[in-house]
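Turn this into a structure:
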Amino acid sequence: MNPVMAWHEEHAYFARLLQVLQEEVDTLYTGQTPNYELLLDIVSYLREYSDQVHHPREDEAFKRLARRSPELRPILVRLHQEHRVIAQSGDRLRELVEEAVSDAVLPRADIEAAASTYIVYYRNHIATEEKEVLPVAARSLTEDDWLAAKEAAPAKADPLVGGDAGDRFRHLRRRIAGETPPHHRAAPATSA
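Model prediction:
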């Protein structure tokens with residue numbers, strides 16, 4: 001597959017995951033309890049695949065693109081920095097969701113704020129790459145550049161797209177495919 005198309009398809013998939021994450025977090029506003037296991041799967045997937053495979057490959061492509069298209073350097077530097085912000089905010093969100101899964105008592109507003117930060121950063125990040133970077137990368141990067149970008153991260157199958165993750169992400173795959181409806185329950189009266 002064309003590397004630009006592959007990059008675009010991964011972005012579309014990540015955007016769908018962020019939409020499901022947003023839908024689950026929105027239940028907090030209505031007094032329901034989101035499916036915390038699903039939230040944890042989404043954040044874990046994005047941390048384990050996107051941050052460990054997709055973003056390192058992008059960083060290598062950004063480095064090469066900055067040499068070929070110096071006018072993009074400020075945007076590319078910011079996007080590289082955003083990879084770290086996304087990773088840190090993802091870690092914080094995962095910590096909070098893990099606490100919720102283990103029935104810890106914590107303010108719902110903490111989860112809402114952490115999720116909102118993560119979602120907003122990630123969506124804006126993807127939009128900038130799609131609008132500002134991918135068109136130039138398609139014109140400027142060579143086969144050698146794309147090969148170096150591919151080799152910048154370990155060869156790891158995407159666990160949601162034919163990867164070997166066993167049953168871990170089965171529910172998440174079904175939810176993204178629209179096969180299963182959201183699962184919410186009324187929040188306990190003692191929720192913060």
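
Following element in sequence after the helix or strand in which residue 147 is found, please.
Per DSSP states H and E, residue 147 falls inside helix 143-150. Toward the C-terminus, helix 143-150 is succeeded by helix 170-176 as the next helix or strand (DSSP H and E).

Show me what counts as buried in that next one.
171-173, 175-176 (16 or more other Cβ atoms under 10 Å). Bear in mind the C-beta positions are built from the backbone N, C-alpha and C, glycine included.

Determine the set of other helices and strands touching the helix holding residue 147.
Contacts defined by 3 or more Cβ pairs under 8 Å, 6 or more residues apart in numbering; DSSP states H and E place helix 143-150 against helix 3-29, helix 55-68.

In three-state terms, how would the spatially most central residue of the chain be classified?
Geometric centre of the chain, nearest residue: residue 46, 4.2 Å, by Cα atoms, centre = their mean. Three-state assignment for residue 46 (DSSP: H, G, I helix; E, B strand; the rest coil): helix.

Spit out the contact partners of it.
Counting by Cβ atoms under 8 Å, 6 or more residues apart in numbering, residue 46 touches 14, 17, 90, 122.

tell me which of those residues is nearest to residue 108?
Residue 108 lies nearest to residue 90 out of the contacts of residue 46, by Cβ to Cβ, at 19.1 Å.

Can you verify my assumption that the closest one contacts residue 43?
Yes - counting by Cβ atoms under 8 Å, residue 90 does reach residue 43; the two are 5.7 Å apart.

what residues do those two have in common as contacts?
Listed as contacting both residue 90 and residue 43 by Cβ under 8 Å, 6+ apart are residue 118.

Count the neighbours of residue 54 for me.
20 (other Cβ atoms under 10 Å).

Contacts only, for it.
Residue 54 neighbours (Cβ under 8 Å, 6+ apart): 10, 14, 153.

Throw the residues you listed into a markdown table and include pLDDT, neighbour count and distance to residue 146, thanks.
A markdown table is the format used below for those (pLDDT from 0 to 100; neighbours: other Cβ atoms under 10 Å; distance: Cβ to Cβ, whole Å):
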| residue | pLDDT | neighbour count | distance to residue 146 |
| --- | --- | --- | --- |
| 10 | 90 | 19 | 14 |
| 14 | 92 | 20 | 20 |
| 153 | 87 | 18 | 13 |
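
Among those, which one sits closest to residue 86?
Residue 86 lies nearest to residue 14 out of the contacts of residue 54, by Cβ to Cβ, at 10.3 Å.

My guess is that closest one contacts residue 119. True?
No - using Cβ under 8 Å, residue 14 is not in contact with residue 119; the gap is 10.9 Å.
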